[in-house]
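Visitor: Fold the stuff below for me.
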Amino acid sequence: MSTANPAIEQIARAVDDLPSILGRFLPGFDDTNRAAQTPDLPNHVIWSLGHLALYHHRAAERIEGVAEPGPLPEDAWVTGDGTAGGASRFDTESVCFASTPSPDASMFPTLDRGITIHAAASARLAAAVRSLDDAGCQREIPWGPRGATCTAIVLATRMIHHTGSHVGQILDTRRALGLPRLIG
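Guide: Residues are numbered from 1 along each chain as shown. Predicted structure coming up:
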């Protein structure tokens, strides 16, 4: 459903762009270094893709009016103990808030699969944003610790900023690993 409000559509288009923006910084990463960590940079690339995908799904649920976390696509997600992922799925517990990214790449999907899972979650979030009308944009929804709330449209915008934060971490990781520059 496409909204008649151009501001809502602009935010949805920005969400649509998140996979390609993040993807600009992935050259040089592959399945041999997708879980590479460096001192003081524990959030490796594959963890970042899963983490962002998880929170794009959760934000989409809230924007859609779902109060409690629901099931995620079974072909991409498993809820285990943080070690139940593998070559094709993320374990929600291994990429959730306050998780500790493991350097064990076997716990995570391949890089290409992680990119695909992230893109699907971003598409779901963009669709949720597009489903909003003007009143829906201003609906207060729970998000964050200790009963915090924000409006649906602010949550969508936060997900854009959240992605930017993790893209910055990916850039720092690139530098620390000695990967070639991509900008400038």
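
Visitor: And the strands in the protein, which stretches?
Guide: All strands of the chain, identified by DSSP state E, fall at 77-78, 90-91, 140-142, 149-151.

Visitor: So which of those strands is the most surrounded?
Guide: When these are scored by mean count of other Cβ atoms under 10 Å, the highest mean neighbour count falls to strand 90-91 (a mean of 26). The C-beta positions use only the backbone N, C-alpha and C, and glycine is treated the same way.

Visitor: and that one, what does it pack onto?
Guide: helix 45-63, strand 77-78 (3 or more Cβ pairs under 8 Å, 6 or more residues apart in numbering; DSSP states H and E).

Visitor: Would you mind pulling the contact partners of that strand?
Guide: Residues outside strand 90-91 that contact it (Cβ atoms under 8 Å, 6 or more residues apart in numbering) are 50, 53-54, 76-85, 107-109, 114, 117.

Visitor: Looking at the helices and strands packed on strand 90-91, which is nearest to Asp31?
Guide: For the helices and strands packed on strand 90-91, proximity to Asp31 was assessed by Cβ to Cβ; helix 45-63 is nearest, at 9.0 Å.

Visitor: what's the single longest helix in this structure?
Guide: Ordering each helix of the chain by length in residues (DSSP state H) puts helix 152-177 first.

Visitor: Enumerate the positions of that helix that are buried.
Guide: Residues of helix 152-177 classed as buried: 152-153, 155-157, 159, 162-163, 166-167, 169-170, 173-174, 177 (neighbour count, 16 or more other Cβ atoms under 10 Å).

Visitor: Quick check: of those, which lies closest to Thr100?
Guide: Set against Thr100, the nearest of the buried residues of helix 152-177 by Cβ to Cβ is Gln169 (14.7 Å).

Visitor: I'd like to know how many residues surround the closest residue to that closest one other than its chain neighbours.
Guide: In space, and not counting its chain neighbours, Gln169 is closest to Asn43: 5.0 Å by Cβ to Cβ, 6 or more residues apart in numbering. Other residues near Asn43 come to 19 when the count uses other Cβ atoms under 10 Å.

Visitor: I figured Asn43 was touching Ser99, is that so?
Guide: No: if you go by Cβ atoms under 8 Å, Asn43 and Ser99 don't touch, sitting 9.8 Å apart.

Visitor: Show me the common contact partners of these two, please.
Guide: Residues touching both Asn43 and Ser99 (Cβ under 8 Å, 6+ apart): His51.
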